[in-house]
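# how would this look folded up:
(2 chains)
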Amino acid sequence: MDCGTCETAGPIQVVKPDVVEVSLTISDKAQDMLADAFGDDRSMALLVGVLSGGCSGYMYDLQIIEETDQSCQEVNINGFRVLVPNASSHLLDGIEIDYVDRLMGGGFKINNPNADSSCGCGESFA
Amino acid sequence: MQTGRYFDGHLSVWRGADVLAFIDGLSTNRVHDLRKGECKQTTFTTTTAKVLDRVVLFHMGDFIACVSHAPFWEALHAHVSPRILGQDVSIFNASANNEFYIRFGHEQKTTGLYSTEDGVTIGHLESGYDLIVATVGTHVESEEHLDSFHEWRIERCVPWAGYEITSKHHALACGLADDIHPAKGCYIGQEVLTRMISRKKQGRMLSIVANDEVQPSEITTRGAARSLAIIRM
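Below you'll find the predicted structure:
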């Protein structure tokens, strides 16, 4: 096998969607839960990203982080730093971050106007 | 043992720290734990579990070699490419540097492993045949067609790209149940396939039939006396 490293094999053109300036909202309940998670330390940020996979094609990726290597947009909502990677900004513009208080299937939920469908567990969308 | 040239092979080289997790999230088999020296078949499916392509992954150490089928590459690329997002995944086309062969009709002692010698990589696949990827210019003793391979496939109910494996059918109907890992978690198309498996209802299935047993339109690979067909269960 010749892997064609570097010289003979050209990189395959990858679709890179346009970067969108993201607007998003966080529901009151979600803000309460974030306040519990962050405490008084507002130097941390909530990273809202998207990974490939899941039953429907894309999966949400929520993390509390200090910093990231990813190129991100930062949105400040009532003192909460929210980071959105530019690479997935086109999938996240207009989302609402909500919190659902249920014993089963509860937790942070993303309401996404860009999603045509989502899977049963709500973690992935298309 | 026989070897036939496969002209529709396609080789892409996938690099980056996130490659295996990326493929794992987009295809039916568990590949995130693939290790150097191993090869594995997995199937990329749409959200409705229709097949985009069945590929063979070779873990070559610092990259993953993905052997797919040239007629399906455009659709597979269009499916995969926008999903890379910010992940560390780069894909290179190495098809022009390689030739592809199928070796069959011998006893396979080990599967899921490959060997490499003098520019020839031989993957021993769980489907019961070997996939050979040879650097262009390397001599591999072979026939110029796969006619006898298709007769071999019919006797063993082995599906093949462009015959049984097409975008018309979901992975179970194509006879790719062995590619579907039962416990790997979510991937595109998983909900649909899991529902069919748990309800034992998959609509159609790949079967070996006598040539006059089914409608000609249902035959996917016609043999001398028997054929493969995707028929309603």
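# what about the longest strand in chain B?
If you go by DSSP state E, chain B has its longest strand at strand B:51-59.
# ranges for the helices of chain B?
Assigned by DSSP state H, the helices in chain B fall at B:19-24, B:70-80, B:147-156, B:190-199.
# nearest to chain A, of the ones you listed?
Evaluated over the helices of chain B, closeness to chain A peaks at helix B:190-199, with 4.2 Å, by CB to the nearest CB. In short, each C-beta sits where N, CA and C put it, glycine included.
# For that closest one, buried residues please.
B:Gln190, B:Glu191, B:Val192, B:Leu193, B:Met196 (16 or more other CB atoms under 10 Å in any protein chain shown).
# what's the distance between the nearest residue to the third one once chain neighbours are set aside and B:Gln41?
In space, not counting the residues next to it along the chain, B:Val192 is nearest to B:Ala49; the distance is 4.0 Å by CB to CB, 6 or more residues apart in numbering or on different chains. Summarising the geometry, the distance separating B:Ala49 from B:Gln41, computed by CB to CB, to the nearest Å, is 17 Å.
# which residues does the residue nearest to B:Val192 contact?
B:His170, B:Ala171, B:Leu172, B:Gly189, B:Val192, B:Leu193, B:Met196 (CB atoms under 8 Å, 6 or more residues apart in numbering or on different chains).
# now do B:Gly9
Contacts of B:Gly9 (CB under 8 Å, 6+ apart): B:Val67, B:Ser68, B:His69, B:Ala70, B:Ser95, B:Asn98, B:Glu99, B:Phe100, B:Val133.
# go with 7 Å
B:Val67, B:Ala70, B:Phe100 (CB atoms under 7 Å, 6 or more residues apart in numbering or on different chains).
# what about it, distance to chain A?
B:Gly9 sits 11 Å away from chain A, taking CB to the nearest CB, to the nearest Å as the criterion.
# Just the pLDDT at that residue, thanks.
On pLDDT, B:Gly9 comes in at 95.
# how much space between B:Ser12 and A:Lys16?
From B:Ser12 to A:Lys16 the distance is 18 Å (CB to CB).
# Tell me how many other residues surround A:Ser71.
11 (other CB atoms under 10 Å in any protein chain shown).
# ugh, wrong one, B:His32
The local packing of B:His32 (other CB under 10 Å) involves 14 other residues.
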